[in-house]
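Enquirer: coordinates only, sequence not included:
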């Protein structure tokens, strides 16, 4: 049961980071109005959202691997 809790918590954090990244990207693009404002699609909000999505995708596996390695050493 402890292993399930540890894995569930790591994946929940990753999922929340992915949702937050998607939300930041969607909101910044929604308020940019591309047909009214010239400029690049890559603004600070979209880059921040992309970074959160990438970190959220890899966070659970990194967390679990580090946790397993730490438990083996102790």
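Expert: Cool, the structure landed. These numbers were taken from a predicted model, which means no experiment stands behind them.
Enquirer: residue 22 contacts residue 53, correct?
Expert: Yes: Residue 22 is within contact range of residue 53, at 6.4 Å (criterion: C-beta atoms under 8 Å). For the C-beta atoms, the positions are set from N, CA and C on the backbone; glycine is no exception.
Enquirer: show me the residue at the heart of the chain, geometrically.
Expert: Centrality entry for the chain: nearest residue to the mean C-alpha point is residue 56, 2.8 Å, by C-alpha atoms, centre = their mean.
Enquirer: that one and residue 24, how far apart?
Expert: 12 Å (C-beta to C-beta, to the nearest Å).
Enquirer: and stretch 56-66, what's buried?
Expert: Within stretch 56-66, the residues scored as buried using 16 or more other C-beta atoms under 10 Å are 56, 59-60, 63.
Enquirer: where does the chain have low pLDDT?
Expert: Confidence mapping of the chain against pLDDT under 70 gives the ranges 32-42, 74.
Enquirer: show me where it has its strands.
Expert: In the chain, no strands are defined using DSSP state E.
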